[in-house]
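1. Got a sequence here, can you model it:
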Amino acid sequence: MRAVVATPGGSVPLRRASLALGACVLALLAACASTPGSQRPMVSLSLPSTQVNDATRLRWLDRVSWGANASSDAHLAQRGLALWMRDQLNPRPAPLPPAAQAQIDAMAISHTPLDQLVIGLEAQRKAADALPDEDQKKAARQAYQQQLNQLAREAQTRFLLRALYSPNQLQEQMTWFWMNHFNVNLRKDNIRAMVGDYEENAIRPHALGKFRDLLGATLHHPAMLRYLDNAQNAANRINENYARELMELHTLGVGSGYSQGDVQELARVLTGVGVTSAPLDAPPPNVRPAVRADYVRKGLFEFNPNRHDYGPKTLLGQPIQSHGLAEADEALDRLARAPATARFISRKLAVYFVSDDPPQALVDRMAAAFTRSDGDIAVTLKAMFESPEFTASLGRKFRDPVHYVIAGVRLAYDDRVALNVNPMINWINRMGEPLYGHETPDGYPLNEVAWASAGQMNTRFEIARAIGANGAVLFRADDKAPLEKPAFPQLAESRAVRAMQGGLSADTREALAQAKNPQEWNTFLLASPELMRR
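-> The predicted structure follows:
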């Protein structure tokens with residue numbers, strides 16, 4: 001018997017069923033209607049009137065959402081591709097299933113403000129350090145670390161529940177994309193306590209909005225300032241870490257023409273931008289009278305004029321005209337609107353959604369849309385989704401571990417709500433892409449070569465078997481509780497799976513025909529080359 005599993009060398013044929021959209025170019029539609037409560041015109045797609053077939057719907061779902069399943073396919077078929085994509089580009093508040101929302105509502109990160117969490121934990125840490133008895137001190141420090149771990153696990157769980165069940169699938173995809181782009185690592189300092197709020201309040205609200213707003217939100221969040229050491233950046237004690245990554249990784253990109261002098265000047269702009277752990281009712285620090293009005297505190301964010309370099313500065317060949325914290329806003333305006341930023345962000349989006357080496361013509365059109373719309377992310381994505389390059393790429397982009405696990409669970413169990421996503425977290429960890437776990441600021445790679453090793457493929461087969469033969473582990477709240485019977489999903493009965501079978505390769509169909517039981521059939525499908533791609 002031959003099980004068909006994706007291989008790094010690509011020797012197994014990929015599905016190449018023709019796309020129903022054919023050679024039609026998706027025309028740009030000038031949108032006039034405004035979303036209620038939004039300052040931006042609704043972003044819409046105009047698609048051909050030709051009926052979209054099952055295979056095409058599934059390919060769009062696999063790329064735009066976290067993975068096709070029967071319920072999302074039925075919704076797309078009922079709504080139509082053009083309206084469904086309009087909904088995705090203009091997400092409105094949409095409830096999760098009650099069983100998923102209840103899990104989120106019970107989390108400390110859902111009902112305790114960030115400043116209260118962090119300040120309370122800081123007090124707990126200091127109290128532990130002050131204990132005279134070494135055994136008591138060790139136990140108290142362990143309790144502190146366990147609390148940090150629990151907050152990080154809550155953030156991971158909340159992300160997975162939303163990725164699995166949110167109707168706003170593109171927003172969930174883009175939240176993950178931007179969390180990776182503006183990467184922070186939860187193993188540094190107390191970022192485990194901050195990462196949930198960072199995703200919720202700095203990234204998610206702007207994931208499909210204006211890039212400049214997103215950039216500013218990350219700069220003002222203590223997780224970013226702590227991770228890239230700007231909390232230590234002060235006049236006469238410059239720390240360039242954040243300034244360098246802000247230009248190299250967040251905006252302009254390598255080779256875009258900025259100099260080491262620009263990095264140094266931006267670091268000076270960012271002096272005094274930091275984090276406070278002072279109690280909420282603590283008085284402001286003693287700031288010298290001439291700049292006392294410049295002091296800012298919002299939650300844990302603090303701009304301390306005592307630490308700021310008020311000297312003249314020049315960035316990217318132009319003087320900084322503002323003073324105090326306003327210098328940072330002026331610098332971000334300049335960076336966000338630079339042509340190099342439009343190109344850098346557009347290419348990274350194209351790598352994520354289209355190809356490891358996207359066509360330059362596509363990147364240029366996206367960059368033009370980015371510039372024309374003043375950095376509107378949805379408008380930039382619209383230019384990409386309308387392109388023939390995007391349509392031609394469907395079904396060919398290799399899934400990284402996070403995409404692979406979420407897509408597998410969505411396909412296997414559709415909208416049935418998992419009560420315990422810890423197995424998913426463990427599967428993702430085993431493949432080397434733990435959520436919020438990338439140590440360096442560049443984030444996880446988005447290309448196939450990073451995730452297609454022989455060892456990775458072996459691990460994916462094991463995870464396919466775990467989902468396909470023992471997926472019931474997701475539906476018991478207690479790890480020691482017995483598994484339901486049967487303990488595997490009914491994949492062959494899924495409407496989405498039946499629809500995709502016509503696009504499976506002959507090798508995959510042969511392997512499925514030789515499966516000895518439903519568990520093996522599930523495993524061979526989930527480990528097939530077709531399921532490795534989106």
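2. wouldn't Met194 be in contact with Pro222 here?
-> Yes - between Met194 and Pro222 there is a contact at 5.8 Å, judged by C-beta atoms under 8 Å. C-betas here are computed from N, CA, C, even on glycine.
3. what sits against Ser355?
-> Glu389, Ser393, Arg396, Lys397 (C-beta atoms under 8 Å, 6 or more residues apart in numbering).
4. Just these: which are in helices?
-> Glu389, Ser393 (DSSP state H).
5. one step back: mind listing the shared neighbours of Met194 and Pro222?
-> Common contact partners of Met194 and Pro222 (C-beta under 8 Å, 6+ apart): Leu114, Val118.
6. Format the contacts of Ser355 as CSV; extra columns: neighbour count.
-> Compiled in CSV, those are given as follows (neighbours: other C-beta atoms under 10 Å):
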residue, neighbour count
Glu389, 17
Ser393, 20
Arg396, 17
Lys397, 22
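7. if we take the contacts of Ser355, which one ends up nearest to Pro113?
-> Proximity of the contacts of Ser355 to Pro113 (C-beta to C-beta) peaks at Lys397, which lies at 38.5 Å.
8. Now do the same contact list for the closest one.
-> Applying C-beta under 8 Å, 6+ apart, the residues contacting Lys397 are Arg63, Phe353, Val354, Ser355, Arg533, Arg534.
9. Recalculate using a threshold of 7 Å.
-> Listed by C-beta atoms under 7 Å, 6 or more residues apart in numbering, the contact partners of Lys397 are Arg63, Ser355, Arg533, Arg534.
10. which of the residues you listed tops the neighbour count?
-> Arg534 (25 neighbours; other C-beta atoms under 10 Å).
11. Check the gap between that one and Gly299 for me.
-> Applying C-beta to C-beta, to the nearest Å, the value for Arg534 to Gly299 is 38 Å.
12. next one: Leu362
-> Leu362 is 40 Å from Gly299, by C-beta to C-beta.
13. try Ile104
-> According to C-beta to C-beta, Ile104 and Gly299 sit 21 Å apart.
14. Neighbour count: these two, which is higher?
-> Using other C-beta under 10 Å, the more surrounded residue of Ile104 and Gly299 is Gly299, with 19 against 15.
15. Find me whatever residue is spatially closest to that one, sequence neighbours aside.
-> Once flanking residues are discounted, Gly299 sits nearest to Asp115: 4.4 Å by C-beta to C-beta, 6 or more residues apart in numbering.
16. ok, longest helix in the chain?
-> As assigned by DSSP H, the longest helix anywhere in the chain is helix 134-165.
17. So which bits of that one are buried?
-> For helix 134-165, a neighbour-count test (16 or more other C-beta atoms under 10 Å) marks 140, 144, 147-148, 151-165 as buried.
18. and if you look at stretch 351-358?
-> Those would be Val351, Tyr352, Phe353, Val354, Ser355, Asp356, Pro358, for stretch 351-358 by 16+ other C-beta under 10 Å.
19. what's the span of it, first residue to last?
-> 6 Å (C-alpha to C-alpha, to the nearest Å).
20. What of stretch 248-264?
-> First-to-last residue span, stretch 248-264, C-alpha to C-alpha: 13 Å.
21. about what we covered before: taking the buried residues of stretch 351-358 one by one, which sit in helices?
-> Using DSSP H, the buried residues of stretch 351-358 in helices are Val351, Tyr352, Phe353.
22. show me what contacts the second one?
-> The one in question is Tyr352. Neighbours of Tyr352 in contact, by C-beta under 7 Å, 6+ apart: Phe177, Leu446.
23. what do you get for the first one?
-> Val351 makes contacts with Pro358, Leu446, Asn447, as judged by C-beta under 7 Å, 6+ apart.
24. if you skip the residues just before and after it, what's nearest to the last one?
-> Using C-beta to C-beta, 6+ apart and skipping the chain neighbours, the partner closest in space to Asn447 is Asp356 (4.2 Å).
25. I'd say that neighbour and Trp451 touch.
-> No - between Asp356 and Trp451 there is no contact under C-beta atoms under 7 Å: 11.0 Å.
26. and the residue nearest to Gly299, how many neighbours?
-> 20.
27. Does Ala407 touch Trp66 like I think?
-> Yes - using C-beta under 7 Å, Ala407 is in contact with Trp66, at 6.2 Å.
28. In terms of neighbours, single out the busier of the two.
-> Trp66 (27 against 24).
29. Okay, the more buried one and Asp87: tell me how far apart.
-> For Trp66, the distance to Asp87 (C-beta to C-beta) stands at 16 Å.
30. for Leu325, same thing?
-> 38 Å.
31. so where's the stretch 251-400 of the chain uncertain?
-> Within the stretch 251-400 of the chain, the set of residues satisfying pLDDT under 70 is empty.
32. Strands along that one, start to end?
-> Using DSSP state E, counting those that start in this stretch, the strands of the stretch 251-400 of the chain run over 273-275, 296-298, 301-303, 314-315, 318-319.
33. To Asn429, which of these lies closest?
-> strand 273-275 (28.3 Å).
34. by contact count, what packs against that closest one?
-> For strand 273-275, the packing partners by 3 or more C-beta pairs under 7 Å, 6 or more residues apart in numbering; DSSP states H and E come out as helix 222-227, strand 301-303.
35. Contacts for the first one next, please.
-> So the one you mean is helix 222-227. The contact list for helix 222-227, computed with C-beta under 7 Å, 6+ apart, reads 182, 184-185, 188-189, 191, 194-195, 198, 218, 231, 273-275, 300-301.
36. Leu525 against Pro489, yeah?
-> No - between Leu525 and Pro489 there is no contact under C-beta under 7 Å: 10.4 Å.
37. So what's the residue count around the closest residue to Ala472 other than its chain neighbours?
-> Leaving aside its chain neighbours, Ala472 sits nearest to Ala487 (3.9 Å; criterion: C-beta to C-beta, 6+ apart). Counted with other C-beta under 10 Å, the neighbours of Ala487 add up to 15.
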